[in-house]
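Trainee: Build me a structure from this.
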Amino acid sequence: MMCWQPQEEGLRQIIQLLKESQSPDTATQRLVQQKLEELSKYPDFNNYLIYVLTKLHTEGKTKWAHSESIQKINDATRSLAGLILKNNLKQHYEALPKETIDFIKSECLVSLGDSSSLIRATVGILITTIQVKGKITQWPELIPSLCSMLDSQDYNVCEGAFGALQKICEDSADQLDTDELNRPLNVLIPKFLQFFQHNSPRIRSHAIACVNQFIINKSQALMTHIELFVQSLFHLAGDDDTEVKKNICRALVMLLDVRLDRLFPHMVAIIEYMLIRTQDPDETVALEACEFWLTLAETPICRDALAPYLERLIPILIKGMRYSEIDIILLKGDVEEDDMVPDREEDIRPRFHKAKRVGGGSHHMDMRNDEPTPEPHNREDNDDDDDDDDDELGMMDDDSGLSDWNLRKCSAAALDVLAGVFRDDLLPTVLPILKETLFHSEWVIKESAILALGAIAEGCMSGMLQHLPELIPYLIVCLSDKKSLVRSITCWTLSRYSHWVVTQPHDSFLKPLMTELLKRILDTNKRVQEAACSAFATLEEEACTELVPYLGFILETLVFAFSKYQHKNLLILYDAIGTLADSVGHHLNKPEFINLLMPPLIQKWNMLKDEDKDLFPLLECLSSIATALQAGFLPYSEPVYRRCVSLVEQTLNQHIANMQNPEQFEAPDKDFMIVALDLLSGLAEGLNGFIDKLVINSNILQLLYQCMQDPMPEVRQSSFALLGDLTKACFQHVSPFVSDFLPILGQNLNPELISVCNNATWAIGEIAIKLGADMRPYVPMVLNQLIVIINYPSTPKTLMENTAITIGRLGFVCPAEVAPSLPQFVRKWCSSLRNIRDNEEKDSAFRGMCCMIQVNPNGILTDFVFFCDSVASWNNPKTDLKEMFVKILHGYKSQLEENNCWKQMLDNFPPQLAERLQGLYGI
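Mentor: The predicted structure is shown next:
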């Protein structure tokens, strides 16, 4: 194979094909693609490609002096041959003959020293593709060969080898630290460190980038040399090469995360370095440095280490939030009116439906999605850690060029997290800057100040309260600013203070804000429309029923927007309407509101095909409306119900077809099924008993049985939510399937999948209440796992509460079966339910606890104070439940007084608890 030589005709054909593939004409490209796919089946084709890449340099062309097409070939075409070869290797590696692979390997190693940096980089890509596909163990000579090339006096050879090693370190860091390869990292790390002082900045940059790949995993080979690594980085502090500076910043940010102990003694020098780098004229360097402040904020030393530098750092961050001239061009910031311009489909980011989770959950904002208008508001937050109520800084990605993480976003995020660390202590530094910039005549500076004001909203809220009566009216005026980017960021910042706005007299702030936001919803600029819709959704969540007096005005605006909006913002408008329905609930159920709202929604519903992903936000929106309208949704319920059942059935059938014959049938997009299940849940919750006739005439329960066993957790999550809602609304139809459903629910009590587990737990509790004593045979299949979950060390709050309620309900219907286990769960049970408000679920759970205590009174003796505390948490229990509490408490009192233990126990109660028990229950 080493003697392989190309035929001239074949070479000319390949070169012609490569030339055609660079044509801008779509039809030509399509033909080229077909030819490439045909040729990729021939091993020789790959030999031609590697030959073009590695041999047709200036000297190599002399062999073909008579061929004009070969003489004209340039480095870009050679590189293209290498990239096509890379794709072939990715797709057909296993099918290629060994001699072809060996030929490609040898040619790559020989050509790493090519005089063209583009060719060296392409060869490096090929090498890493081969070692990933064929495993590094099958190319044992690769690492030693590259290692020896590093010592070459030829710069091109050294740089080419380093480029390849950097890609290998990025793609296969773990493999370089295994016994299988005799731990090459033990040799490589010291070798890389030697090159930190190389006279070529490109080599220095490669060397740091290689070592950086092993920081996060704390590779032992690096940890052994950690002191040398840190010192070597410090020696490069004065290096002015852009890539070197970026890699130093990356290294320090990662070390801050994993080896703070090594950086701590040098923290003053590091902070000084990062202050300079965050202002670097090259924005890519400044961005890497800015990450440092985000990471430092997560460390325990942040407050002490950074306090002396706030007066220098905060102005740098606020300046970093300004749009650059290039940003404004990319954002079309000078185009004020574009609402009549149709959206390009590629500008519409895919929306992913979040499966329904029962019982709680808070809205989170993603700090890395920040740009000047708020991100699409996600009402069904499915973040599995619902204990974290941080409303992280979140502004939406921009279109066309600014969607990536950039300095503006990172600076705003850093200010947000630092506000969380320093709280009101940040204000003496921030407020003077804002006073100077908020009213600036240059709109770019004013806009960045409004962004900064939003960034500090959560962390500095208590200190900002005194300034809000003056600031909010000013921001409301800014909603009418002539610059669209100022209007859009003002929408976002006002949404961050909406919680305060709704606590004030309506006429002072809420009405003016609502009036102006509704005008912005109808703005002539699409970015402002989007920002206003999202801000209004946040305001709806905060205001809830406070909005009821203004519903007519709000709905008229939102419905008018239907006729005005282009495709992208229409999807966000659905969200604003759905959030409104969630917030005002049954107050929406008035004929004048229904007649205003439903026709445009149903018109869109009828226009959309079953496979159109625009159905997702529309179905989410209708789910909220169905729940809010209750019986008011009845006239629309039958076609909506039928289509949802059809979507579930189609998806299940497509899934089965794909499993049986994957070559012929594509896997379905299960989001269609998830969103349909969630709308069915909304219908069941809203229509309640009225859903009976829809269920009886469909096969939904048979489909639900399949969905509950789907391999995708989100499908199971939504199916358990629907099962619980159908159990509440029409148990007579669920009842025949209970013996099939309950074992599946029991198998899904896995706290590792929090939302699935949460919905399964809730559904078990709903079924228990309906089954009554007939639940007895199913208790053993669920109780032990529920006890495991309630005692699980990191169970989130909502899951803990739902688990406690379900255990209580099981105890209510089957006290004899559950009561013997009381000592295993009573303390956690009481602790989790003491904090929830009085409601029906809490009522049924406590009745269950009372029933279990009657069966096993000794079961709570050790934790009696926790029981008393949970009973005292009730504000207004129903009369008969209160009597049960009184009877139990006085029973224990009598029993303990006989043993002279009551006074001793009471003395150990917190004074507030003893006082409340005396006042409420007379003990």
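Trainee: From Glu38, how far off is Ala27?
Mentor: Distance of Ala27 to Glu38, computed by C-beta to C-beta, to the nearest Å: 17 Å. C-beta coordinates here come from the backbone N, C-alpha and C atoms, glycine included.
Trainee: what does Pro342 give?
Mentor: 38 Å.
Trainee: Same check on Leu771?
Mentor: From Leu771 across to Glu38, the span is 64 Å (C-beta to C-beta).
Trainee: For the two, work out which one has more neighbours and name it.
Mentor: Legend: neighbour count by other C-beta atoms under 10 Å for Leu771 and Glu38, higher for Leu771 (20 against 10).
Trainee: What values do phi and psi take at the more buried one?
Mentor: phi -80, psi -30 (degrees, to the nearest 10).
Trainee: just checking, it touches Val813?
Mentor: Yes. Between Leu771 and Val813 there is a contact at 6.8 Å, judged by C-beta atoms under 8 Å.
Trainee: Next, count neighbours for Lys35.
Mentor: Per other C-beta under 10 Å, the neighbour tally for Lys35 reads 14.
Trainee: Show me the shaky parts of the chain.
Mentor: 1-3, 43, 58-62, 65-66, 69, 343, 345-403 (pLDDT under 70).
Trainee: Am I right that Glu841 is in contact with Ala804?
Mentor: No. With contact defined as C-beta under 8 Å, Glu841 does not count as touching Ala804 (9.8 Å).
Trainee: Compare those two (neighbour count), which wins?
Mentor: Neighbours per residue, other C-beta under 10 Å: of Glu841 and Ala804, the larger number sits with Ala804, 30 against 22.
Trainee: in which helix or strand would I find that one?
Mentor: Applying DSSP states H and E as the criterion places Ala804 in helix 797-813.
Trainee: mind checking the SS state of Ala457?
Mentor: Here Ala457 is recorded as coil under DSSP: H, G, I helix; E, B strand; the rest coil.
Trainee: Could you look up the SS state of the nearest residue to Gln785 once chain neighbours are set aside?
Mentor: Once flanking residues are discounted, Gln785 sits nearest to Leu749: 4.0 Å by C-beta to C-beta, 6 or more residues apart in numbering. Per three-state DSSP, the local secondary structure of Leu749 is coil.
Trainee: Surely Leu749 is in contact with Tyr792?
Mentor: No. With contact defined as C-beta under 8 Å, Leu749 does not reach Tyr792; the gap is 10.7 Å.
Trainee: more neighbours, these two?
Mentor: Leu749 (23 against 16).
Trainee: so who does the more buried one touch?
Mentor: 757, 760-761, 782, 785-786, 788-789 (C-beta atoms under 8 Å, 6 or more residues apart in numbering).
Trainee: So which of those are in strands?
Mentor: Using DSSP state E, no member of the contacts of Leu749 falls in strands.
Trainee: got CSV for those residues, with neighbour count and distance to Ala667 too?
Mentor: Output for the contacts of Leu749, formatted as CSV (neighbours: other C-beta atoms under 10 Å; distance: C-beta to C-beta, whole Å):
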residue, neighbour count, distance to Ala667
Cys757, 28, 26
Ala760, 30, 25
Thr761, 31, 30
Val782, 25, 32
Gln785, 19, 31
Leu786, 25, 34
Val788, 16, 34
Ile789, 25, 32
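Trainee: Out of those residues, which two are the most distant from each other?
Mentor: Across those, no pair lies farther apart than Ala760 and Val788, at 13.5 Å, counting by C-beta to C-beta.
Trainee: The stretch 751-900 of the chain: helices as residue ranges?
Mentor: With helices called from DSSP state H, counting those that start in this stretch, the stretch 751-900 of the chain shows them at 754-771, 779-790, 797-813, 815-818, 822-833, 840-855, 864-872, 879-898.
Trainee: who does the second one touch, helix- and strand-wise?
Mentor: Translated: helix 779-790. With contacts taken as 3 or more C-beta pairs under 8 Å, 6 or more residues apart in numbering; DSSP states H and E, helix 779-790 sits against helix 738-747, helix 754-771, helix 797-813, helix 815-818, helix 822-833.
Trainee: Let me know the angle separating that helix from helix 754-771.
Mentor: Interaxial angle of helix 779-790 relative to helix 754-771 (axes from the mean of the first three to the mean of the last three C-alpha atoms, to 10 degrees): 140 degrees.
Trainee: contacting residues around helix 779-790?
Mentor: Applying C-beta under 8 Å, 6+ apart, the set of residues contacting helix 779-790 from outside is 742-743, 745-746, 749, 751, 757, 761, 764, 795, 799-800, 803-804, 806-807, 810, 814, 817-818, 821, 824-825, 828-829, 832.
Trainee: go with 6 Å
Mentor: Contacts to helix 779-790, defined as C-beta atoms under 6 Å, 6 or more residues apart in numbering, come from residues 746, 749, 751, 764, 795, 803, 807, 810, 814, 817, 824-825, 828.
Trainee: Let me have those in TSV, extended by distance to Asn406.
Mentor: Below are the contacts of helix 779-790 laid out as TSV (distance: C-beta to C-beta, whole Å):
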residue	distance to Asn406
Gly746	49
Leu749	44
Pro751	38
Ile764	47
Thr795	38
Thr803	43
Ile807	49
Leu810	53
Cys814	59
Glu817	59
Gln824	53
Phe825	50
Lys828	46
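Trainee: got a list of what the residue nearest to Leu53 when sequence neighbours are not counted touches?
Mentor: Once flanking residues are discounted, Leu53 sits nearest to Gly82: 4.1 Å by C-beta to C-beta, 6+ apart. Neighbouring residues of Gly82 by C-beta under 6 Å, 6+ apart: 53, 122, 126.
Trainee: If we use 10 Å, what do you get?
Mentor: The contact partners of Gly82, by C-beta atoms under 10 Å, 6 or more residues apart in numbering, come to 49-50, 52-54, 108, 111, 118-119, 121-126, 129.
Trainee: ok, it to Thr100 distance?
Mentor: Distance from Gly82 to Thr100, by C-beta to C-beta: 15 Å.
Trainee: before we move on, what about Trp405?
Mentor: Counting by C-beta to C-beta, the gap between Trp405 and Thr100 amounts to 41 Å.
Trainee: Wait, a strand at Phe909?
Mentor: No. If the criterion is three-state DSSP, then Phe909 is coil and not within a strand.
Trainee: is it true that it touches Phe867?
Mentor: No. If you go by C-beta atoms under 10 Å, Phe909 and Phe867 don't touch, sitting 11.6 Å apart.
Trainee: Of the two, which one has the most company?
Mentor: Legend: neighbour count by other C-beta under 10 Å for Phe909 and Phe867, higher for Phe867 (23 against 17).
Trainee: give me every residue that touches that one.
Mentor: Going by C-beta under 10 Å, 6+ apart, Phe867 touches 822, 826-827, 829-830, 834, 849, 853, 860-861, 885, 888-889, 892.
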